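[1] return a 3D structure for these sequence lines:
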Amino acid sequence: ENGRCTTKLESMGFRVGQGLIERFTKDTTRFKDELDIMKFICKDFWTTVFKKQIDNLRTNHQGIYVLQDNKFRLLTQMSAGKQYLEHAPKYLAFTCGLIRGGLSNLGIKSIVTAEVSSMPACKFQVMIQKM
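    Next up is the predicted model:
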C-alpha cells in the first residue's frame with residue numbers, strides 16, 4: 001500500500017514536471033549539453049518552484065548528479081526528530097517525479113532518488129540513462 005502511494009505521487013510529480021518545463025523553457029535558448037540542463041534545473045526551475053536555488057550540484061561526469069538542498073521547503077515544517085527521518089522520503093516522491101518529468105521533457109531519461117540524512121536537508125541523486 002505504502003509503495004503504491006509513493007509510486008502514484010512520483011508519477012503525479014512526473015506529469016507536473018513535464019508541464020512546468022514546457023512552460024519555463026518556451027522562451028529560452030537550446031541547452032548545450034546535459035550539464036547545462038542540470039544547471040537550469042538547479043537555478044531557474046528550482047527557484048520558480050521552491051523560491052530558492054539548489055545549494056549544491058555535484059557530478060561525477062559519468063551521468064550521475066547530486067542536487068543538495070540544505071533547507072528543503074517541503075521538510076522545513078517537520079520536526080527534526082529521528083522518528084520523522086524515516087517518513088521524510090515519502091514527502092520527496094513528488095519532487096523526484098518533478099525532476100524526472102522535467103528532464104524527460106528535455107530529452108533526458110533518468111532515475112531520481114532522494115535521501116534525507118538530517119532534517120530539513122536532502123539530496124536528490126539523478127542517474128542519467130543513456131539511450
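[2] next, the contact list for the closest residue to Gly63 other than its chain neighbours, please.
    Once flanking residues are discounted, Gly63 sits nearest to Ile128: 3.9 Å by CB to CB, 6 or more residues apart in numbering. Every C-beta, even on glycine, is put in place using the N, C-alpha and C of the backbone. Residues in contact with Ile128 (CB atoms under 8 Å, 6 or more residues apart in numbering) are 34, 63-65, 108-110.
[3] partner residues bridging Ile128?
    In this entry, Ile128 is beta-bridged to Ser110, by DSSP bridges.
[4] and it, what pLDDT?
    As predicted, Ile128 sits at a pLDDT of 94.
[5] try Thr28
    pLDDT, Thr28: 84.
[6] list the ones among the contacts of Ile128 that fall in helices.
    Glu34 (DSSP state H).
[7] quick one, strands of this structure?
    Here the chain has its strands, by DSSP state E, at 56-59, 64-69, 110-115, 122-128.
[8] dump those strands into CSV; add distance to Phe94 as well.
    Output for these, formatted as CSV (distance: least, CB to CB, whole Å):
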stretch, distance to Phe94
strand 56-59, 21
strand 64-69, 14
strand 110-115, 10
strand 122-128, 12
